[in-house]
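A.B. asks: Okay, sequence plus prediction incoming.
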Amino acid sequence: MSLPEDATRAPRRVLSGLAWFCVAVLGAAAAGGIALHRGESISSLWFIAAAICIYALGYRFYSAFIAARVLCLDPTRATPAERLNDGRDFVPTDKWIVFGHHFAA
């Protein structure tokens, strides 16, 4: 007898929410440490922690909004390589091959 899918998903959802809350608190603490520091020098660790937390939160929560509402991305839309396949300039290629060509060029 196995548990329903919702029963196994709920603890993961709570842990995920708690982890993102901790990232937000760490980012706020780092930004607050930068803003409230009154000395001449400040550790670069505060800047790195604040930047990483802000980027992670933006990627996690804002990227879905940008993809769905602003850019209106459609995964079923044909790419130019599929529409204009001529065997020379436009050829459908695996993403890892294209990734390798990006760094080889």
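C.D. replies: The structure has been received and is ready for your questions.
A.B. asks: The residue most central in space within the chain and residue 65: what is the separation?
C.D. replies: Note on the chain: the residue nearest the mean C-alpha position is residue 59, at 3.4 Å, using Cα atoms, centre = their mean. Relative to residue 65, residue 59 is positioned 11 Å away (Cβ to Cβ, to the nearest Å). Glycine gets a C-beta too; all of them are placed from N, C-alpha and C.
A.B. asks: if we can go back for a sec, got the confidence number for the residue nearest to the centre of the chain?
C.D. replies: Residue 59 carries a pLDDT value of 92.
A.B. asks: What of residue 3?
C.D. replies: Confidence score, pLDDT, at residue 3: 62.
A.B. asks: what are the ranges of the helices in this protein?
C.D. replies: 5-36, 44-57, 63-65, 80-83, 95-104 (DSSP state H).
A.B. asks: Can you give the domain ranges for the chain?
C.D. replies: 1-73, 75-105 (automatic domain parsing).
A.B. asks: Deepest-packed of these, please.
C.D. replies: domain 1-73 (a mean of 11; mean count of other Cβ atoms under 10 Å).
A.B. asks: For residue 42, give me its contacts.
C.D. replies: Applying Cβ atoms under 8 Å, 6 or more residues apart in numbering to residue 42 gives the contacts 33, 34.
A.B. asks: Hmm, I typed the wrong one, I wanted residue 50.
C.D. replies: 27, 30, 31, 34.
A.B. asks: Need the pLDDT of the closest residue to it other than its chain neighbours.
C.D. replies: The shortest distance from residue 50 to any residue other than its chain neighbours is 3.7 Å, reached at residue 30 (Cβ to Cβ, 6 or more residues apart in numbering). With respect to pLDDT, residue 30 scores 91.
A.B. asks: Would you mind writing the CA trace of stretch 39-59 as PDB?
C.D. replies: Only the C-alpha atoms of stretch 39-59 are listed here, as PDB (Å, rounded to 0.1, in the frame of the first residue of the first chain):
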ATOM      1  CA  GLY A  39      33.300  51.300   9.200                       C
ATOM      2  CA  GLU A  40      35.900  51.900   6.500                       C
ATOM      3  CA  SER A  41      36.200  48.400   5.200                       C
ATOM      4  CA  ILE A  42      33.600  45.700   4.700                       C
ATOM      5  CA  SER A  43      34.100  42.000   3.900                       C
ATOM      6  CA  SER A  44      33.400  41.100   0.300                       C
ATOM      7  CA  LEU A  45      31.600  38.000   1.600                       C
ATOM      8  CA  TRP A  46      28.600  40.200   2.400                       C
ATOM      9  CA  PHE A  47      28.400  41.400  -1.300                       C
ATOM     10  CA  ILE A  48      28.800  37.800  -2.600                       C
ATOM     11  CA  ALA A  49      26.100  36.400  -0.300                       C
ATOM     12  CA  ALA A  50      23.700  39.200  -1.100                       C
ATOM     13  CA  ALA A  51      24.300  38.800  -4.900                       C
ATOM     14  CA  ILE A  52      23.900  35.000  -4.900                       C
ATOM     15  CA  CYS A  53      20.700  35.100  -2.800                       C
ATOM     16  CA  ILE A  54      19.100  37.900  -4.900                       C
ATOM     17  CA  TYR A  55      20.100  36.100  -8.200                       C
ATOM     18  CA  ALA A  56      18.800  32.700  -6.900                       C
ATOM     19  CA  LEU A  57      15.500  34.300  -5.800                       C
ATOM     20  CA  GLY A  58      15.000  36.100  -9.000                       C
ATOM     21  CA  TYR A  59      15.800  33.000 -11.000                       C
END
